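Novice: just coords:
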């Protein structure tokens, strides 16, 4: 390590400082000039002088790669040299640090690996890539002694990963609950506030540009699952990929679910949940009922928030914009400055080796659950159903009954229960003659302190 | 810089790594073993192995200084060598890094300066000290090439300073609104939720241990003013001390103020406000009306929160416990790990030189204001008062009238106005025969986006 550092020092000294003692310059190559990339170039132009004053480092975007050289990009006159061959940017002598904003696993992966092997630090906002191969990339970066930073890959401008990596470095994180997908949070906020159903709310999100024409990645929880994998990786030092994350989207959430949740004092949010238990790590994306008094309940529209539960610090929440060109570019630039400081100062970053920790099977984890069912409105029904809960070891915290025509709607909220026990209960309850249908089963988050 | 670094490298190599390639050890000296200090020693004992796995660095508390050697401290068997001479801890050969948790300006300042001159990084939770002489301490630390970190000095376990220093390094902060004093937030929460007056709520806070027997530092805003100075220093790279912060506490806030605020859709919070304008920097502590829809409105009890407004990232909020042994120790330990990494890795920290930026006179800054007054319940009164607002160039956003006996109570909410113009308006309004009394003037925070 010590030798590597001194080699780097010399390199930087040669490249950066000039004989007049001017600020060392770090030359940045940007792969991808979409919304975030062009915001980054603008932000560096605007903030370059302030950064130099504060850090003593001059940042200069020397090259950028785009897919299509003809597409308009609205960059200012400070436009860097733009090419359509990203590898040429990575390998250029006048690029010290690479920012990858292309997205997708390939060719981003090859480009990042090449940059690291050339001992160029990499800043990436690529959640798919980091969520699929963080272990290999961390090992490569540690072997080369360069930074691989990716704050913007989770929750845009919110400094979650730095908080986990640095601020909580001496703490033990038990659980992170995240609203990490702005599209679904917007849709659920609309359903809650306007009383609209899922389809209408999705259409409005699409009209406003919050949802893609094909909304699958958002509404089925794929986007949130990638982010959950990255959060679990950093929070627990464990090798967790998006394939390890169990996933349930919001397409099945109805206006009736939201009304029933409200009647009980809850709001429904799509949460990324990562938690550590003795037996392993749980990571899932699921719609959950959040108590209205919980800080996550007030996160509306397309905002994101992360609620961290750790042994020493207790409860911590970070809230902000999870997407958008400028917020995301702000997070990218924070990483660029960090990596540039290490490059100039000779700090040896360490991403650490990730443990292979057993993932908890989703049926092995537990939660509180809200179970809503339609039943015949007769005497004795509640007792019959409650006894099935008891027989399966699922204890009931509260039950709420509402009559509709000849039927009643019952909503049970369980105490903390094993998911397997809840499934067994549901199978038993479904067999009862008095039960017309089980209408929904939604996890319930406990109150914050 | 380059030479300094290589000297440090050698030192650490000699001290830290052994011939077997074991993890380098950083030996920590702790000044002060009160609630936070003893929590820190326990936390290092609990988390030491995890930290070593993650960072490759072993932390060992070798020495601690206390004021009274006879006081019980309830430390585990991992108790370090405890003395009552803090300078001997700073100077000890087996102390590589100093944690200062004594509080107060002297002798903490001398001890920290000595540690820095010995090239030992310092972690401090001492808001009084940092808020009074950050400039000198930063310059000293930069000259010695060592870290001076103080995350725990503002808002306990909330990673605010790291977010400002690192995550937002490439952004431009416009304003920070902070609920940074748990005692006053608890008191205001009680007044709001229980309808109690200030005196009762203070007594309850004292009974629960949230307020001191002499609550002056909290309720008069001195504590929050120190934190505002530190936030302004880091957010704007400016030399701001607690003397630069204008200060108004909560002792004059009445149950009637809170009820009037609620009727208008606001809650009252004691805020630390730091903002940057073209002409300089404003820093103040004042009770303010926060819209109920604003994320800060839901920060209850003794929790703290910081709401950051920056050009690129937009709005960002950090929320958590602002005090308490373990939350604060968690923040201290995050800094210790950071400084230890730099010490081992040879990174050259840079605190940057602080600019002398003009402080805006409190009358030169502006805000929206809510002005509540008692008036005779006669026709024409509202017009008479409104014309005085107009004459002084203060525009009215809304007015609410409530009759009580022969009197009416009027609450005006102004648009954004210069404080000087508001003062002039109040002087003119007071002269009107129909005005019985001006009952309160409270700043109003605008809605979040």
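Specialist: The structure has been received and is ready for your questions. Every value quoted in this text rests on a predicted model; they were computed, and no experiment measured them.

Novice: can you give me the strands in the stretch 101-250 of chain A?
Specialist: A:122-124, A:148-149, A:173-179, A:246-247 (DSSP state E, counting those that start in this stretch).

Novice: so which of those is the most packed in?
Specialist: Each of the strands of the stretch 101-250 of chain A was assessed for mean neighbour count using mean count of other CB atoms under 10 Å in any protein chain shown. The highest is strand A:122-124, with a mean of 28. Just so you know, the C-beta spots here come from the backbone N, C-alpha and C atoms, and that holds for glycine as well.

Novice: Kindly provide the distance from the residue of chain A most remote from its centre to residue A:398.
Specialist: Taking CA atoms, centre = their mean, the residue of chain A most remote from its mean C-alpha position is residue A:379, at 47.2 Å. Separation of residue A:379 from residue A:398 (CB to CB, to the nearest Å): 20 Å.

Novice: Check residue A:107 too.
Specialist: Remark: distance between residue A:107 and residue A:398 (CB to CB) = 53 Å.

Novice: ok now the helix or strand containing residue A:26, how far from the chain's centre?
Specialist: Using DSSP states H and E, residue A:26 sits in strand A:25-31. Relative to its chain's centre, strand A:25-31 lies at 26 Å (CA atoms, centre = their mean, to the nearest Å).

Novice: can you tell me the average pLDDT over that strand?
Specialist: The pLDDT scores in strand A:25-31 average 97.

Novice: Tell me what angle the helix or strand just after it forms with strand A:25-31.
Specialist: Next helix or strand after strand A:25-31 toward the C-terminus (DSSP H and E): helix A:35-55. When axes from the mean of the first three to the mean of the last three CA atoms, to 10 degrees is applied, the directions of helix A:35-55 and strand A:25-31 differ by 170 degrees.

Novice: can you give me the mean pLDDT across the next helix or strand after helix A:35-55?
Specialist: Sequence-wise, the next helix or strand downstream of helix A:35-55 (DSSP H and E) is strand A:58-65. Strand A:58-65 shows a mean pLDDT of 96.

Novice: Repeat that for stretch A:199-212.
Specialist: Here the average pLDDT along stretch A:199-212 is 94.

Novice: And for stretch A:273-281?
Specialist: The average pLDDT within stretch A:273-281 is 92.

Novice: Can you measure across that stretch, start residue to end residue?
Specialist: 10 Å (CA to CA, to the nearest Å).

Novice: Can you give me the buried ones in it?
Specialist: Of all the residues in stretch A:273-281, those buried under the rule 16 or more other CB atoms under 10 Å in any protein chain shown are A:273-276, A:280-281.

Novice: contact partners of it?
Specialist: A:173-178, A:228, A:231-232, A:235-236, A:238, A:240, A:282-286, A:288, A:357-360, A:364-365 (CB atoms under 8 Å, 6 or more residues apart in numbering or on different chains).

Novice: Low-confidence ranges, chain A, go.
Specialist: Residues of chain A meeting the criterion pLDDT under 70: A:1-22, A:72-79, A:348.

Novice: Domain boundaries for it, per the record?
Specialist: Domain segmentation of chain A under automatic domain parsing yields A:2-157+A:326-345, A:165-321, A:366-444.

Novice: measure residue A:160 to residue A:310 for me?
Specialist: From residue A:160 across to residue A:310, the span is 13 Å (CB to CB).

Novice: out of those two, which sits in the more crowded spot?
Specialist: Counted by other CB atoms under 10 Å in any protein chain shown, residue A:160 and residue A:310 do not tie: residue A:160 has more neighbours, with 30 against 24.

Novice: That one contacts residue A:306, doesn't it?
Specialist: Yes - because the distance of 4.9 Å satisfies CB atoms under 8 Å, residue A:160 is recorded as touching residue A:306.

Novice: For residue A:139, which non-adjacent residue is spatially closest?
Specialist: residue A:353 (6.8 Å; CB to CB, 6 or more residues apart in numbering or on different chains).

Novice: OK, contacts around residue A:218?
Specialist: For residue A:218, the contacting residues are A:181, A:183-184, A:211-212, by CB under 8 Å, 6+ apart.

Novice: Got the phi and psi for the residue in the stretch 101-250 of chain A that chain B sits nearest to?
Specialist: Using CB to the nearest CB, residue A:170 is the residue of the stretch 101-250 of chain A that sits closest to chain B, at 2.9 Å. The phi/psi pair for residue A:170 (degrees, to the nearest 10) reads phi -100, psi 10.

Novice: and the spatially closest residue to it that is not a sequence neighbour, how many residues sit next to it?
Specialist: Distances taken as CB to CB, 6+ apart put residue B:333 closest to residue A:170, at 2.9 Å, once the chain neighbours are dropped. Neighbourhood size, residue B:333 [other CB under 10 Å]: 29.

Novice: how about the residues of the stretch 151-300 of chain A that lie near chain B?
Specialist: Counting by CB under 8 Å from any CB of the partner chain, the positions of the stretch 151-300 of chain A adjacent to chain B are A:151, A:157-159, A:162-163, A:166-172, A:237, A:295, A:298.

Novice: Any of the contacts of stretch A:273-281 buried? List them.
Specialist: Here, 16+ other CB under 10 Å leaves A:173, A:175-178, A:228, A:231-232, A:235-236, A:238, A:240, A:282-286, A:288, A:357, A:359-360, A:365 buried among these.

Novice: Could you list which residues are in contact with the closest residue in space to residue A:124 that isn't next to it in sequence?
Specialist: Setting aside the residues directly before and after it, residue A:124 is nearest to residue A:100 in space (CB to CB, 6+ apart), at 4.3 Å. Residue A:100 makes contacts with A:31-32, A:108, A:111-112, A:115, A:122-126, as judged by CB under 8 Å, 6+ apart.

Novice: just curious, which of those is nearest to residue A:140?
Specialist: residue A:112 (8.6 Å; CB to CB).

Novice: hang on, the earlier thing: what residues are bridge-paired with the residue nearest to residue A:124?
Specialist: Bridge pairing for residue A:100 (DSSP bridges) gives the partners residue A:31, residue A:124.

Novice: ok, so what distance separates residue A:308 from chain B?
Specialist: As defined by CB to the nearest CB, to the nearest Å, residue A:308 lies at a distance of 8 Å from chain B.

Novice: Count the neighbours of that residue for me.
Specialist: Considering only other CB under 10 Å, residue A:308 is surrounded by 25 other residues.

Novice: how about it, phi and psi?
Specialist: Torsion angles, degrees, to the nearest 10, at residue A:308: phi -110, psi 130.
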